[in-house]
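J.: Provided below for reference: sequence and predicted model.
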Amino acid sequence: MNKRDIRFRQILSACLCLVATTVMGAAAWAQSASPPPLAPLGDPPIPADNQQTAAKVELGKLLFFDPRLGGDASVACGTCHEPSQGWAFSEDLSRGYPGTVHWRNSQTIVNSAYYGKLFWAGSSRSLEAQARSAAKGGVAGNGEDDIMEARLALIPEYRKRFREVFGDEWPTIMNAWKAIAAFERAELIQKDTPLDRYLQGDRSALSEQQIRGKAIFEGKANCIACHNGALASDEKFHNIGVPYAQRWEEDALAQITFRFEQYAKGVTEKMYREIKDDAGLYYRTKNAWDKGKFRTPSLRYTAYTAPYMHNGTFFTMEEVVDFYDRGGVAEDGRTTDFSETKSALIKPLGLTDEEKEDLVAFLEAFSGEEILMDKPRLPEYAPLFSEADIMSE
Amino acid sequence: MDKLSIVQRGLLALVAGLGSVTAVIADTADTGPVPAIKFDKAKAELGKRLFFDKRISGDAAISCASCHVPENGFAHPDALSPGYPGNGHFRNSPTLINAASKKIWLHDGRLGTNLNDVTREMITEDYIMNMDMRIMQERLKQDPVYVEMFKKAKMGEPSNGGARNAIPEFLKTLTSRNAPFDTGNMSDAAKRGEQLFKGKAGCLACHNGPLLSDGKYHNLGVPENLDVFRDPLNHQTFIAYNNFQGIPNFMNLKRDLGVFVQDKSVAGAEKRKGAFMTPTLRELKYTAPYMHNGTIGTLRAVVDFYDRGGGKDPHKDSALKPLKLTNSEKSDLVAFLEALSGDPLTGKAFVWSEPYPEEYPVIADWRKARN
C-alpha cells in the first residue's frame, strides 16, 4: 500500500465516522459503554429448524408432563418444573431423580425461550438441548434414549401425533425435545408484566415506590450492570459471592450428589478431594478464572420462583437485596469459596432500609399474573401388535 | 488334562458309542460335581452386601436379588424377569448358581469376557438397574459399612471397579453342593432317568460337562412368550434391546433372535436366529419356569416338549426328533433332572441378612472432610 492510499483511507474513515455519529446519535455512543436499558419483552426467537405449530405445542405439553420420559417413569419435566411452584421447584436444591437429590436450584422455565444459554452454567444452547440433558442426567430424569423412544412408540396417541407433527414413522426422541421446546416457547412466555406496560408508556403501571426502586436498580444499586435488556439478564457469567449450600453440610444425599458432580464433570483428583463449593462455569471451561461463575438469571417471574440463586440459598427477595447490599456476603458472613474470581461489581451498596424496600417493590414489577394450567390427561400404552399378528408369526 | 485322562475319556466315549449314537460327545462321568471355587472371604462378603442392596440401582428400588432370588435358585419365579421400575423384561431371569463356573453369560451369550463385565452390564442397563455407576460409587462412599468393608477386602476406598470385582467374588460362593447326582444317592427312578438322559432321550448331546451345558447355542423352536408383545412394558425393553443391538426393523420384530445379535454379518448368521445358550440343568428344582423366556412351567412339560421333538422354527436344530418316551420314562427323566439339584443356597452364608440403613449418615464436619 503506498502513502497516497493510506491518506485516502484516513479521509474516508473520518467521513464514515462523521456519518455514523450523525445517524446513530449520541445515545448509541453512550450505549457501548453502559448496559442496555430494561426493555419490554418481545416475542421469543423461533429456531429455523423447529417452527411453531399448534399441534406441536399441544404434543409438547403432553410430553412435558409425561413421566415416561425419564428412567423409572415416575418423574416428568413438570416434576422439577412444577406449575404451582413457579414452574420451578420451591426447595433450595431441586428434588432430583428418586433416590437422589439434585445439587442446584431448579430454575423457572417461564421465559426460558429467550435465553441463549440454558442451565446455571450455560451448558445448553437451546431449549431442545436443555430438555434432552435434563431428561438424561443421573440426578435429574435418568432416562436413556432407547427406552424412552420405545415407550413413546407403544403409546398409540403419540405415534399418531408424532406422525402428524413431524412425519415420524415412529416417534423419535429428538422430536420429543423439539415439541417440548415448542410448548415452552408458546405457553410459558410472560411479556405483560407491570414493567413491560410501564416501559411501553403506561406510567400508571408502576407505583411511586416502584419507580423509586427502578431508579435505585439503575443507579445506586447498579443491578442494571448485569440484569439488563428485555430479559433482565446479560447472559454473561459472574461470581457474585453466593455462599456454598448449607444443605451440603446437613443432607447425606446432597453430599453424595455433590461428589458425583465433581466426578462426572472431570475435575482433577486434588480438586475432587478438596472442593466444597460449586465451581459453576469452571466445569465447562476448566479455566481457574471461571470458578464460581454462573450465568445471570432473568429477574422475570421471580415473584413465584423462590428460593433464589444457583443453590437456592436465599428464600426471599429481601434476603437477596441484603446480600447484595453487604457486597455479596450472607447474613452469617459466609460467601463464595472462590473469592479470587468474585466480580469487582459486587461491593457494599450502603442502601437505606427505605431504598431496600423500594428495590424489592420494583423487583415485583418483573412478574405478572401467575401462569397456571391444568395438567393434561396422558395417553395410555397399548399393545403394538394385534393378537392375530403375534399368533401368526 | 494329563495324557492318561485323555485316553480314559477316549475309551469311555468308545464304550458309550457302542450303546448309543448320541452319547459319543461325552458321558455323565464328565458331569460330576461342580468344583468349588476358591474365593476371598472379605471380598465375597462385600459382594454379598452389594448384591442384596437396593441402593445400587438408579432409583434405589431394586437390588440384584430382586430378579435373582435365593429361594428361587437365584433366578425368578416369573416367566419374564421383572426388570427396572417403569419397565418389564423380555427374558427369564437365569440362575446365578454356578455362574462363576461359566465362560459365557446371558441367554444370548453376548458377554464372554468375565463376570466383572456382566455385573457392569446388569447395573447400568436402563431396563435392568439403570444406575449411573458414578453415583453408585458416591453412594457407597457415604455408607461407613462399605468404607470399612472395602478396606477389609484390601480394595481401598469404595469404587465402581471395586464393586464390580466384589460381586463376582460373591458369585464364586454360589456353587451347587450335595446334589443326589453328585453324592450317589439317586433314587432308582433317577438312575433309570440317567440312562435315558444319556441314551434314548439324547439330552447329553448338549447338556454335558459339570454344568450340564455344552456352552453352545441351539435352536429348539421354543415358542415366543407372547406376553413380551401383549404387555407394552415388556415390549419396550425388547424394542430398546434390539435397537441397541442394531437389529434392522426392530419395531416390527416379533421373534427373539437370541445369539444372532452377537454377529449379524458372519457367514450363516441367519441360521443362528432363535438359537440360545444351552442352560445349566443344575438347581432346576428351584428355578421354574424354564427356557429363555420362561414359557414352560414344569420339568414334566419340558420333557414333553422334547418328546415332541421341540417346537417349530425354520432354523431348528436337526438333532431334535420325537423321542417316543413312555409315560414312565418321562417320569424317570424328571426324577433324574430333579436329582441334579443340591442344597438350597438360602442360608446366612448366601444371603445378606443385616438390615441396610434407612438413610445414609451425614458426613460430619463436611467442610473440612476430604471428599
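T.: That came in fine, so what should we check first?
J.: quick one: the helices in the stretch 151-300 of chain A?
T.: Listed in chain order, the helices of the stretch 151-300 of chain A (DSSP state H, counting those that start in this stretch) span A:156-166, A:173-187, A:194-199, A:208-218, A:247-250, A:252-264, A:269-274, A:282-285.
J.: now do the spatially most central residue of chain B against A:Arg273, distance only.
T.: In chain B, the residue lying closest to the centroid (Cα atoms, centre = their mean) is B:Pro94, at 3.5 Å. Distance check for B:Pro94 against A:Arg273: by Cβ to Cβ, to the nearest Å, it reads 41 Å. (C-beta placed from N, C-alpha, C; glycine too.)
J.: which residue, other than its chain neighbours, is closest to the residue nearest to the centre of chain B?
T.: Beyond its immediate neighbours in the sequence, the residue positioned closest to B:Pro94 (Cβ to Cβ, 6 or more residues apart in numbering or on different chains) is B:Ala75, lying 6.0 Å away.
J.: contact partners for the one you found?
T.: In this structure, B:Ala75 makes contact with B:His68, B:Val69, B:Asn92, B:Ser93, B:Pro94, B:Thr95, B:Leu96, B:Tyr286, B:Thr287, judged by Cβ atoms under 8 Å, 6 or more residues apart in numbering or on different chains.
J.: now the last one: how far from B:Lys172?
T.: Note on B:Thr287: its distance to B:Lys172, by Cβ to Cβ, is 19 Å.
J.: with the fourth one instead?
T.: Here the distance between B:Ser93 and B:Lys172 works out to 20 Å (Cβ to Cβ).
J.: do the same with the third one
T.: Summarising the geometry, the distance separating B:Asn92 from B:Lys172, computed by Cβ to Cβ, is 23 Å.
J.: neighbour count: these two, which is higher?
T.: Set side by side, B:Asn92 and B:Lys172 give different neighbour counts by other Cβ atoms under 10 Å in any protein chain shown, the larger being at B:Asn92 (27 against 19).
J.: quick one, phi psi at the nearest residue to that one once chain neighbours are set aside?
T.: Taking Cβ to Cβ, 6+ apart as the measure, B:Asn92 lies nearest to B:Gly294, with 3.7 Å between them; neighbours along the chain are not counted. For B:Gly294, the backbone dihedrals (degrees, to the nearest 10) come out as phi 60, psi 30.
J.: who's in contact with B:Gly294?
T.: When the contact criterion is Cβ under 8 Å, 6+ apart, the partners of B:Gly294 are B:Asp78, B:Ala79, B:Leu80, B:Arg91, B:Asn92, B:Asn225.
J.: hang on, the earlier thing: are any of the contacts of B:Ala75 buried, and which?
T.: In terms of neighbour count (16 or more other Cβ atoms under 10 Å in any protein chain shown), the buried residues within the contacts of B:Ala75 are B:His68, B:Val69, B:Asn92, B:Ser93, B:Pro94, B:Thr95, B:Leu96, B:Tyr286, B:Thr287.
J.: ok, how many other residues are close to the nearest residue to B:Leu140 once chain neighbours are set aside?
T.: Nearest in space to B:Leu140, with sequence neighbours left out and distances taken as Cβ to Cβ, 6+ apart, is B:Pro158 at 3.5 Å. The local packing count at B:Pro158 equals 24, with neighbours defined by other Cβ under 10 Å.
J.: is it true that B:Pro158 touches B:Gln137?
T.: Yes: assessed by Cβ atoms under 8 Å, B:Pro158 is found in contact with B:Gln137 at 6.4 Å.
J.: and after the helix-or-strand element of chain A with minimal mean pLDDT, which helix or strand comes next?
T.: None of the helices or strands of chain A scores lower by mean pLDDT, DSSP states H and E than helix A:3-33, at a mean of 45. Sequence-wise, the next helix or strand beyond helix A:3-33 is helix A:54-64, with elements assigned using DSSP states H and E.
J.: show me the shaky parts of chain B.
T.: Counting by pLDDT under 70, chain B has low-confidence residues at B:1-29.
J.: domains for it, by residue range?
T.: Under the assignment named as automatic domain parsing, the residue ranges that make up the domains of chain B are B:19-35+B:179-338, B:41-171.
J.: quick one: which of the contacts of B:Gly294 has the most company?
T.: The member of the contacts of B:Gly294 that has the most neighbours, counting by other Cβ under 10 Å, is B:Asn92 with 27 neighbours.
J.: what residues does the stretch 151-300 of chain B put near chain A?
T.: B:224, B:226, B:229-233, B:235-237, B:239-240, B:243-244, B:251, B:254-255 (Cβ under 8 Å from any Cβ of the partner chain).
J.: among the residues you listed, name the buried ones.
T.: Among these, those classed as buried by neighbour count (16+ other Cβ under 10 Å) are B:224, B:226, B:229, B:231-233, B:235-237, B:239-240, B:243-244, B:254.
J.: switch those residues over to JSON lines; also include secondary structure.
T.: Formatted as JSON lines, these follow (DSSP: H, G, I helix; E, B strand; the rest coil):
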{"residue": "B:Glu224", "secondary structure": "coil"}
{"residue": "B:Leu226", "secondary structure": "coil"}
{"residue": "B:Phe229", "secondary structure": "helix"}
{"residue": "B:Asp231", "secondary structure": "coil"}
{"residue": "B:Pro232", "secondary structure": "helix"}
{"residue": "B:Leu233", "secondary structure": "helix"}
{"residue": "B:His235", "secondary structure": "helix"}
{"residue": "B:Gln236", "secondary structure": "helix"}
{"residue": "B:Thr237", "secondary structure": "helix"}
{"residue": "B:Ile239", "secondary structure": "helix"}
{"residue": "B:Ala240", "secondary structure": "helix"}
{"residue": "B:Asn243", "secondary structure": "helix"}
{"residue": "B:Phe244", "secondary structure": "helix"}
{"residue": "B:Lys254", "secondary structure": "coil"}
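J.: identify the farthest-apart pair in those residues.
T.: Greatest spatial distance among these (Cβ to Cβ): B:Leu226 and B:Phe244, at 22.6 Å.
J.: get me the contact residues on the stretch 151-300 of chain A for chain B.
T.: By the rule Cβ under 8 Å from any Cβ, the part of the stretch 151-300 of chain A lying against chain B is A:151, A:153-155, A:170, A:244, A:248-253, A:255-260, A:262-264, A:272-276.
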